[in-house]
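Colleague: Generate a structure from the sequence data that follows.
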Amino acid sequence: MGKEETEIQNAIRVKLSEIGFVRRNNVGKFYTPDGRPITIGIPGEADLTLFQNGGKTVFIEVKTDAGRQSKIQRKFQAAVERLGYEYIIMRSVDDARRYIEKVKK
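Modeller: Down below sits the predicted model:
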């Protein structure tokens, strides 16, 4: 993830915290100090998970204006939508504001 996308994501996380708990999801392979690999997360998992009052969970993928989902991200989206969860692509803190306004109506 590039610097611009990280900055957008951080602003979105702060804004969405007004309506729930926001979890940043990490995916990838990491190594312990002694060199053992550890894989965490689900490939294609959304960047953020928003847990709202009333038990609503929303998966949020953060992209820049030019950013596009990868094939594995589209696959994750389809899987969670089949289970009845909402999946949103947000490109700015304004997207988060609009989502909050929609939820509060």
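Colleague: remind me which residues of the protein are low pLDDT?
Modeller: The chain contains residues with pLDDT under 70 at 1.
Colleague: count of neighbours near residue 8?
Modeller: 24 (other C-beta atoms under 10 Å). C-beta coordinates here come from the backbone N, C-alpha and C atoms, glycine included.
Colleague: can you map out the strands along this structure?
Modeller: 20-24, 28-31, 37-40, 48-52, 57-62, 86-90 (DSSP state E).
Colleague: count of residues packed around the residue nearest to residue 89 when sequence neighbours are not counted?
Modeller: Spatial nearest neighbour of residue 89, excluding adjacent residues (C-beta to C-beta, 6 or more residues apart in numbering): residue 61 at 4.9 Å. Using other C-beta under 10 Å, residue 61 has 23 neighbouring residues.
Colleague: Would you agree residue 63 is in contact with residue 89?
Modeller: Yes: in this structure, residue 63 is within contact of residue 89 by C-beta atoms under 8 Å, at 5.8 Å.
Colleague: Overlap of the contact sets of those two?
Modeller: residue 69 (C-beta atoms under 8 Å, 6 or more residues apart in numbering).
Colleague: Tell me which of the strands of the chain is the most buried.
Modeller: Each of those was scored by mean neighbour count; the highest is strand 57-62, a mean of 21, by mean count of other C-beta atoms under 10 Å.
Colleague: what about residue 49, distance to residue 68?
Modeller: Distance of residue 49 to residue 68, computed by C-beta to C-beta, to the nearest Å: 21 Å.
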